[in-house]
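Chemist: Sequence and predicted structure below; questions after.
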Amino acid sequence: MSLTDNLDVRPGEDANLILRRATVLDPVAGIDGVHDVVVRDGEIAELAAPGEGGADGAEIVEAEGLHAFPAFFDPHVHLRTPGHEHKEDVETGSRAAAAGGYCGIIAMANTEPPVSTAADVTALREQARAGASVPVGFLATVTRGMRGEDLTEMVELREAGALGFSDDGLPIVSARVMRRALQYQRLCGGTIALHEEDPELSGAGVMHEGPVSAGLGLAGVPSVSESTMIARDAALAAYEQARIHVQHLSAAESVEVVRAAKAAGVKISAEASPHHLCLTDEEVRSLDPHRFKMNPPLRRESDRQALIEALRDGTIECIATDHAPHQTEEKDVPFEQAAMGVTGLETAFAALHTKLVMPGTIELPLLVERLAGGAAPFGLERPSLAPGSEANVALCDLGAEWTVGEDGYESRSRNSWCAGETLTGRVLVTVAAGQVAFRLRSFSLGVAP
Amino acid sequence: MKHLLAIEQLSREEIEAILDRAESFAEVGRRDIKKVPTLRGRTVVTLFYESSTRTSSSFELAAKRLSADLVSVKAAGSSVDKGESLKDTVATLSAYDPAAIVIRHPYAGAAQMVAGWTTAAVVNAGDGKHEHPSQALLDVYTLRRRLGKLDGVRIWIVGDVLHSRVARSNLIAFQRMGAEVTVCGPPTLIPRGIEELGCEVSHSLERLGEAEVVYALRMQQERMSESFVPSLREYAATFQIDTRKLNPRQLLMHPGPVNRGVELSGEAIDSPQSLIAEQVAAGLVVRMAILYELLAGAERPLPTGEGEGAGRPTPIGQPA
């Protein structure tokens, strides 16, 4: 299924561009070299020899020393509409995605009210066609109103265009309801994405349970709150032959459960967020809820290492930001009272490049592959730079340094976990679904970024 | 020192400076006129979001003994009831240009946040289950008076460590002063990973005899409903400190208020080895010392004259 079949974007002009002498890297397509990337009528027409790409009236972008990657795909963002448009909406959220090099995002359904009916999905798709900078797909809730009791009308929701299902924000506590949803999936299709957490074990926890929470006197969320629920649902998915996707993996124990399930042939995929890959619970010592309070919480260094290893060996096939915008007044309160979540769309690539690739923890091709890995778990074609593909390109300057937030954000919210940090690596141009979705102002004006 | 937010942030030298200052206020307390003019013309605000008897009253009296103008705000009955945020409440009170804000709040990090919103010196009088630095200082003061120093002294903290800000602050303060600390309680009430703070962990009172000081914590009734312990009866049977478990050379402490017959037997409370009354008395002079160190410490010596108006007068009409 092509990226745009079930995702919606504001219609615009097909891009006609030549990225002159770009360093082109698409590990999945086996492309790694300096080319002129010729984008004609919204498609990758050819990867020509450097300086050889014919102009045909197309715009020429001098890209020597810059990198062209397949644009990224984020299977987990919160666009907050309907109900919380003061935090984000389709327009601002998709603009943030474009600025981050994304050619597609999937919006979660935990809005107010939650996306539980076909009419909700239809309305959101209309909004995306009216104002989305990049293609947006929508999940519907698994249970009505996310109450965890009755299933939504999953067949009708799929017909209305729901990409899949998730009660993200909340776990599906009842094993019976979970099982019914997995059974019903045979009728309607659509990956079921799971926020895995046992509320009995999480209790009033606000951070990872361990020495740091012991020292701060904050109630902890133990790792096993996540891993035991994944184990339950992996067993149910195996029993029902269902397809599940585990969201925001945070703990080493969870990685082990997913790895074992995959080895046993369960149809399970998994994502990890940039903040869980880069940070640990040591950050919470600052008691700064703006940047370091989220669910699942930041965990120990050993958990972070386990996530990185899982990213390498494919146990985690994609990076998902869990972009969770909140307004300042929801964060300008003591840690325990603050809203959970951080934004991530605008900084994911730069942060991971700075914190994982530059120190040599992971290689650049792996990062590029995993940042675009979020399409496949939802049955979508992954973005590619192979000639003949729809143009989905992120043009990046790996040497550009910038301070997060100094020029504001595309997102309506400012709770970036990287706020104030200087990162290296910046998205200059994003082409999404064949249209130019983003240009960094300083770059388009010809000023060094 | 601009604020007192957490014991964690204090060096041994800073702790000792406050204790030394408290000693000199103890001397003032023995005079007929117990008031000194140090903070005349300056304003101290106490802002309590949780109930408190000894902490609030001793901070208030400390401010008055230092001749500060005092504004006491309790969350109940204030604009907090109308939904005013902590940030806005602090902005409102800051408009009076207070020299210090003493805050107690049910959530960790509240005092630290307040420090970011005001130019006043901020004193943490307890933030959630995080820290209670003035309690730790008065406890160290009490012990130092009794023992001379804490180096090498073995202290057991017994009870509900999980929910206790006093346990956390005292653990750090005792260790910083050179003591060796063991925390003891049922496994459900000892936070996972606390041994990484440098203490030993025990789940039995068997080796209590090793301790020179036994510091008991308050056991709250509501812990039973959350299955932390099966019953107060079983808790008392297993962890209550009574005179049979104590040997006569051991010192007994408790931050108050005590549940008589739960964490401590009545006999133990009333025994001569109990320092509980001394702890309360220490609260006043230590809190005077804290306010002094934050508001006047760097600028002027302690007044040596007799009573109000003596010593170095604060010129009227000028900021002190």
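Modeler: Thanks, I have it.

Chemist: what residues does the stretch 251-400 of chain A put near chain B?
Modeler: Within the stretch 251-400 of chain A, the positions lying close to chain B (Cβ under 8 Å from any Cβ of the partner chain) are A:Leu287, A:Glu329, A:Asp332, A:Val333, A:Pro334, A:Phe335, A:Glu336, A:Gln337. For every residue, glycine as well, the C-beta is placed using N, CA and C.

Chemist: swap the cut-off to 10 Å and go again
Modeler: Taking Cβ under 10 Å from any Cβ of the partner chain as the contact definition, the stretch 251-400 of chain A meets chain B at A:284-289, A:300, A:328-329, A:332-338.

Chemist: Now the buried members of the residues you listed.
Modeler: A:Val284, A:Leu287, A:Asp288, A:Pro289, A:Arg300, A:Asp332, A:Val333, A:Pro334, A:Phe335, A:Glu336, A:Gln337, A:Ala338 (16 or more other Cβ atoms under 10 Å in any protein chain shown).

Chemist: Go through these and name the one nearest A:Val61.
Modeler: Nearest to A:Val61 among these: A:Asp288, at 38.9 Å, using Cβ to Cβ.

Chemist: Check which helices and strands the lowest-mean-pLDDT helix or strand in chain A sits against.
Modeler: Lowest by mean pLDDT, DSSP states H and E among the helices and strands of chain A is helix A:441-444, with a mean of 77. Identification of packing neighbours for helix A:441-444 by 3 or more Cβ pairs under 10 Å, 6 or more residues apart in numbering or on different chains; DSSP states H and E yields strand A:393-403, strand A:422-432.

Chemist: Quick check: the farthest pair among the buried ones among the residues of the stretch 251-400 of chain A next to chain B?
Modeler: The largest separation in those, counting by Cβ to Cβ, is between A:Arg300 and A:Asp332 at 27.9 Å.

Chemist: how does chain B divide into domains?
Modeler: When chain B is parsed with automatic domain parsing, its domains come out as B:7-132+B:279-295, B:133-278.

Chemist: again with chain A
Modeler: Using automatic domain parsing, the domain parsing of chain A gives A:17-68+A:388-444, A:71-378.

Chemist: Off-centre distance for the shortest one?
Modeler: Pointing back at domain A:17-68+A:388-444 there. 18 Å (Cα atoms, centre = their mean, to the nearest Å).

Chemist: The last one too?
Modeler: Relative to its chain's centre, domain A:71-378 lies at 8 Å (Cα atoms, centre = their mean).

Chemist: From one end of that domain to the other, what's the distance?
Modeler: 17 Å (Cα to Cα, to the nearest Å).

Chemist: Quick one: mean pLDDT over that domain.
Modeler: Throughout domain A:71-378, pLDDT has a mean value of 98.

Chemist: longest helix in the chain, by residue count?
Modeler: I went with chain A, as the question did not name one. The longest helix of chain A (DSSP state H) is helix A:223-240.

Chemist: The intended chain is chain B.
Modeler: helix B:276-295.

Chemist: Which strands or helices does that helix pack on?
Modeler: Using 3+ Cβ pairs under 10 Å, 6+ apart, helix B:276-295 is in contact with helix B:12-28, helix B:54-65, strand B:100-105, strand B:121-127, helix B:133-147, strand B:251-253, helix B:266-270.

Chemist: These: which one's closest to chain A?
Modeler: Proximity of the helices and strands packed on helix B:276-295 to chain A was assessed by Cβ to the nearest Cβ; the nearest stretch is strand B:100-105, lying at 6.7 Å.

Chemist: one step back: how about the helices and strands packed on helix B:276-295 in JSON lines, adding mean pLDDT?
Modeler: Putting those into JSON lines (pLDDT from 0 to 100) gives the following:
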{"stretch": "helix B:12-28", "mean pLDDT": "95"}
{"stretch": "helix B:54-65", "mean pLDDT": "96"}
{"stretch": "strand B:100-105", "mean pLDDT": "98"}
{"stretch": "strand B:121-127", "mean pLDDT": "97"}
{"stretch": "helix B:133-147", "mean pLDDT": "98"}
{"stretch": "strand B:251-253", "mean pLDDT": "98"}
{"stretch": "helix B:266-270", "mean pLDDT": "96"}
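
Chemist: CA atoms of the longest helix of chain B as PDB?
Modeler: The C-alpha trace of helix B:276-295 is given here as PDB (Å, rounded to 0.1, in the frame of the first residue of the first chain):
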ATOM      1  CA  ILE B 276      12.000  13.700  71.200                       C
ATOM      2  CA  ALA B 277      11.400  16.800  73.400                       C
ATOM      3  CA  GLU B 278      15.000  18.100  72.700                       C
ATOM      4  CA  GLN B 279      14.300  17.700  69.000                       C
ATOM      5  CA  VAL B 280      11.300  20.000  69.200                       C
ATOM      6  CA  ALA B 281      13.300  22.600  71.200                       C
ATOM      7  CA  ALA B 282      16.100  22.400  68.700                       C
ATOM      8  CA  GLY B 283      13.600  23.100  65.900                       C
ATOM      9  CA  LEU B 284      13.300  26.800  67.000                       C
ATOM     10  CA  VAL B 285      16.900  27.700  67.200                       C
ATOM     11  CA  VAL B 286      17.900  25.700  64.100                       C
ATOM     12  CA  ARG B 287      15.100  27.500  62.100                       C
ATOM     13  CA  MET B 288      16.300  30.800  63.400                       C
ATOM     14  CA  ALA B 289      19.800  29.900  62.200                       C
ATOM     15  CA  ILE B 290      18.500  28.900  58.800                       C
ATOM     16  CA  LEU B 291      16.700  32.300  58.400                       C
ATOM     17  CA  TYR B 292      19.700  34.100  59.700                       C
ATOM     18  CA  GLU B 293      22.200  32.300  57.400                       C
ATOM     19  CA  LEU B 294      20.000  32.900  54.300                       C
ATOM     20  CA  LEU B 295      19.000  36.500  55.100                       C
END
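
Chemist: List the buried residues of it.
Modeler: For helix B:276-295, by 16+ other Cβ under 10 Å, it's B:276, B:278-295.

Chemist: and that helix, how far out from the chain's middle?
Modeler: Worked out by Cα atoms, centre = their mean, helix B:276-295 lies 9 Å from the chain centre.

Chemist: tell me the mean pLDDT for it?
Modeler: 96.

Chemist: rewinding a little: could you list every helix and strand in contact with the longest helix of chain A?
Modeler: Packing partners of helix A:223-240 (3+ Cβ pairs under 10 Å, 6+ apart): helix A:175-188, strand A:191-194, helix A:199-202, strand A:243-246, helix A:252-263, strand A:267-272.

Chemist: and the angle from that helix to helix A:175-188?
Modeler: Angle of helix A:223-240 versus helix A:175-188, following axes from the mean of the first three to the mean of the last three Cα atoms, to 10 degrees, is 50 degrees.

Chemist: Hey, what's the angle from helix A:223-240 to strand A:267-272? Just curious.
Modeler: 150 degrees.

Chemist: Now for B:Arg192: which residues touch it?
Modeler: By Cβ atoms under 10 Å, 6 or more residues apart in numbering or on different chains, the residues touching B:Arg192 are A:Glu209, A:Gly210, A:Pro211, A:Ser213, A:Ala214, A:Gly220, A:Pro222, B:Leu162.

Chemist: Dump those residues into JSON lines; add distance to A:Val436 and secondary structure as well.
Modeler: Output for the contacts of B:Arg192, formatted as JSON lines (distance: Cβ to Cβ, whole Å; DSSP: H, G, I helix; E, B strand; the rest coil):
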{"residue": "A:Glu209", "distance to A:Val436": "46", "secondary structure": "coil"}
{"residue": "A:Gly210", "distance to A:Val436": "46", "secondary structure": "coil"}
{"residue": "A:Pro211", "distance to A:Val436": "49", "secondary structure": "helix"}
{"residue": "A:Ser213", "distance to A:Val436": "46", "secondary structure": "helix"}
{"residue": "A:Ala214", "distance to A:Val436": "51", "secondary structure": "helix"}
{"residue": "A:Gly220", "distance to A:Val436": "46", "secondary structure": "strand"}
{"residue": "A:Pro222", "distance to A:Val436": "47", "secondary structure": "coil"}
{"residue": "B:Leu162", "distance to A:Val436": "55", "secondary structure": "coil"}
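
Chemist: Please consider this matter closed, and thank you.
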